[in-house]
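1. below are the sequence and a predicted model for it; my questions follow.
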Amino acid sequence: MGKTIHGEKYAEIKKLWAQGWTQKAIGKELSMSRSQVGRVLKTTVRNPLPVYSELHELEGNYIIVGDVQLPTTDWEFASYVPLVAKNFGIRKLVIAGDFLNVDSFSRYPITERLPAIMDEFAAAKELLDSWDDAFDEIEYIPGNHEKRFMRWSNGHLGMEVLGRLLDNDKLRVYSSTRIVVVSGGVSWRVTHQNGYSVHTGNVGGQLAHKFQTNVITHHEHSVGIMRDKWNHYTVVSNGGLHDEKTMHYVQEYDDTRKTMSQSFVMLDNGVAHLLTPYSSMTDWSVYL
Ligand SMILES: [Fe+2]
């Protein structure tokens, strides 16, 4: 064996260490120096790697908003969120990523002065204050826009720092971009996925199949509710509370990109209600 310690040797060191062997004894057994064994144990046993696949599970009925894109938010539509929550006695909220634009740390070329990060925090505080009466618990998972914050700090400032800066005692933050909500015994994967299609439901349908669950997707800024191709699961594409009129990158040129659509979800007793500003899609007399 050369300088590299191969996988089998790592596994053997870990196994012997777990059995109570000393570093010296392991070294003797595997023809290694004591310090070599120490280095392996330091990185793999004493400091186990974080597990990124962990999936947090929530239980109960929730309002689910995502792609709020503060401060370029449709404030009027956002004001319907607490109204619906109050009418249906739902006291819990999930913010499913892209709550803030984090434009100050964008990598895209910017040709217009955009609101600074402190303006975004101020807008977030204002929105959370306006929802304060309605909710007791707010769960916040990141989207790709929150990741700009982490990227800027090389991962050193994560969601817990962002949560502290937002300064709201009801807010619980997660570093994972997905969370499971079990409502009325029905499981839903709420995700801010990395994947986009102009064909609404395409990405969501595949995620439902991949993870074998009902899904509520974000990030695509499109609205739809459907069954997956094999009729196993329900797939919701949750649009967002964004206001594209105020988004400079959307309005900068005439182009043939998809027009964004808006929605939020009420997850009540296992059923996802997709609430939109569109009268042909949402009968507000049912909800208000
Ligand atoms: Fe996104």
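-> Cool, got the structure. Residues are numbered from 1 along each chain as shown.
2. when you work out contacts or count neighbours from here on, use the C-alpha atoms and nothing else.
-> Will do.
3. give me the element residue 37 is part of.
-> In the assignment (DSSP states H and E), residue 37 maps to helix 34-44.
4. tell me which residues of that helix are tucked away?
-> 37-38, 40-41 (16 or more other CA atoms under 10 Å).
5. helix/strand/coil for residue 162?
-> At residue 162, secondary structure determined by DSSP: H, G, I helix; E, B strand; the rest coil is helix.
6. check the one 3 residues further on too.
-> Following three-state DSSP, residue 165 is assigned to helix.
7. run a quick neighbour tally on it.
-> 12 (other CA atoms under 10 Å).
8. do the same with the one 3 residues further on
-> Neighbour count for residue 168, taken as other CA under 10 Å: 14.
9. quick one, what contacts it?
-> When contacts are counted by CA atoms under 8 Å, 6 or more residues apart in numbering, residue 168 touches 125, 128.
10. just the strands in the chain please.
-> Assigned by DSSP state E, the strands in the chain fall at 57-59, 62-65, 92-96, 137-141, 171-173, 178-183, 186-191, 214-217, 224-227, 234-237, 264-268, 271-275.
11. can you tell me which of those strands is nearest to residue 31?
-> Minimum separation from residue 31 across the strands of the chain (CA to CA) falls at strand 178-183, 44.8 Å.
12. show me what the closest one is packed up against.
-> Counting contacts by 3 or more CA pairs under 8 Å, 6 or more residues apart in numbering; DSSP states H and E, strand 178-183 is packed against strand 57-59, strand 186-191.
13. who does it pair up with?
-> If you go by DSSP bridges, strand 178-183 pairs up with strand 57-59 (parallel), strand 186-191 (antiparallel).
14. a markdown table for these, including distance to residue 198?
-> Shown next, in a markdown table, are the strands paired with strand 178-183 (distance: least, CA to CA, whole Å):
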| stretch | distance to residue 198 |
| --- | --- |
| strand 57-59 | 30 |
| strand 186-191 | 18 |
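15. hey, which of these is tucked in deepest?
-> Among the strands paired with strand 178-183, strand 186-191 has the highest mean neighbour count (mean count of other CA atoms under 10 Å), at a mean of 22.
16. other residues contacting it?
-> Strand 186-191 has contacts (CA under 8 Å, 6+ apart) with 96, 177-182, 213-218, 269-270.
17. how about the CA coordinates for it, as PDB?
-> Extracted in PDB, the C-alpha atoms of strand 186-191 (Å, rounded to 0.1, in the frame of the first residue of the first chain):
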ATOM      1  CA  VAL A 186     -51.300  11.500   4.200                       C
ATOM      2  CA  SER A 187     -47.600  12.100   3.500                       C
ATOM      3  CA  TRP A 188     -46.400  15.000   1.300                       C
ATOM      4  CA  ARG A 189     -42.900  15.800   0.300                       C
ATOM      5  CA  VAL A 190     -42.600  19.600   0.200                       C
ATOM      6  CA  THR A 191     -39.500  20.500  -1.900                       C
END
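18. give me the angle between that strand and strand 264-268.
-> Orientation check (axes from the mean of the first three to the mean of the last three CA atoms, to 10 degrees): strand 186-191 against strand 264-268 gives 160 degrees.
19. any idea how far strand 186-191 is from the chain center?
-> Centre-to-centre, strand 186-191 and its host chain are 12 Å apart (CA atoms, centre = their mean, to the nearest Å).
20. what is the mean pLDDT for that strand?
-> Per-residue pLDDT values over strand 186-191 give a mean of 98.
21. tell me the angle it makes with strand 137-141.
-> Going by the same axes, to 10 degrees, strand 186-191 makes 50 degrees with strand 137-141.
22. now do strand 186-191 and strand 271-275, the angle between them.
-> 40 degrees.
23. distance check, the residue minimising distance to the centre of the chain against residue 186.
-> In the chain, the centroid-proximal residue (CA atoms, centre = their mean) is residue 177; its distance is 3.1 Å. The gap separating residue 177 from residue 186 is 20 Å, by CA to CA, to the nearest Å.
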